[in-house]
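**Q** have a look at this fold, sequence not included:
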């Protein structure tokens, strides 16, 4: 498996992956994504900003993640968090249903740590829908700490759980 920056040529494959994932998410009650979000325009902007990564498994896009420096303003709802502190933030993480259980999500999240170290930022933050127990469990398993429940203005009526992980940048 190769974790690499996505190119514009990857957008169609990423959208096929999203179209596979959304119905499965919704069937479990996770309404975080729908037919409008995320979309090709968002992924194109991610590629153009150099912040979209894909897991390439034998020439097939098996997973995707956007790794940004943009924290959600709603992260301020977590009392212990200072959102003015620089952080690497993971968004739009998805793994092909056919490829789950192969460590792809973990590898994509490890790329967040690579980016954080490259940028000398010891903090990673992310969030997921409160009903997405498998993702929450993965975050906890790989060392993320629960920040708290938040509401995101762009997804009214849904609740999310925010997590963070602090890195020791001295141990490279």
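**A** Done, it's in. Everything numeric here is computed off the predicted structure, so don't read it as measured data.

**Q** which other residues reach the lengthiest helix in the chain?
**A** Taking DSSP state H as the criterion, the chain has its longest helix at helix 11-27. Contact with helix 11-27 is made by 6, 31-35, 38-40, 43-44, 47, 52, 54, 60-64, 94-98, 132, as judged by Cβ atoms under 8 Å, 6 or more residues apart in numbering. C-betas here are computed from N, CA, C, even on glycine.

**Q** now for the host helix or strand of residue 134, which elements pack on it?
**A** Here residue 134, judged by DSSP states H and E, is contained in helix 133-141. Other helices and strands packing on helix 133-141, by 3 or more Cβ pairs under 8 Å, 6 or more residues apart in numbering; DSSP states H and E, are helix 104-118, strand 123-129, strand 160-166.

**Q** where does pLDDT dip in the chain?
**A** For the chain, applying pLDDT under 70 flags the ranges 171-172.

**Q** still on that earlier bit, so which of the helices and strands packed on helix 133-141 is the most packed in?
**A** Among the helices and strands packed on helix 133-141, ranked by average contacts under mean count of other Cβ atoms under 10 Å, first place goes to strand 123-129 (a mean of 23).

**Q** so what strands line up beside it?
**A** strand 88-95 (parallel), strand 160-166 (antiparallel) (DSSP bridges).

**Q** tabulate those (a markdown table), appending distance to residue 111.
**A** A markdown table is the format used below for the strands paired with strand 123-129 (distance: least, Cβ to Cβ, whole Å):
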| stretch | distance to residue 111 |
| --- | --- |
| strand 88-95 | 9 |
| strand 160-166 | 13 |
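
**Q** of the ones you listed, which approaches residue 80 most closely?
**A** strand 160-166 (9.2 Å; Cβ to Cβ).

**Q** next one: the closest one to chain centre, how far?
**A** 11 Å (Cα atoms, centre = their mean, to the nearest Å).

**Q** and stretch 146-153, by the same measure?
**A** Centre-to-centre, stretch 146-153 and its host chain are 15 Å apart (Cα atoms, centre = their mean).

**Q** before we move on, what about stretch 55-63?
**A** Mean-position distance between stretch 55-63 and its chain equals 17 Å (Cα atoms, centre = their mean).

**Q** start to end distance for it?
**A** With Cα to Cα, to the nearest Å applied, stretch 55-63 spans 5 Å between its terminal residues.

**Q** again, but for stretch 1-10
**A** 16 Å.

**Q** pull out the buried positions in that stretch.
**A** The neighbour-count check on stretch 1-10 (16 or more other Cβ atoms under 10 Å) flags 3, 6, 10 as buried.
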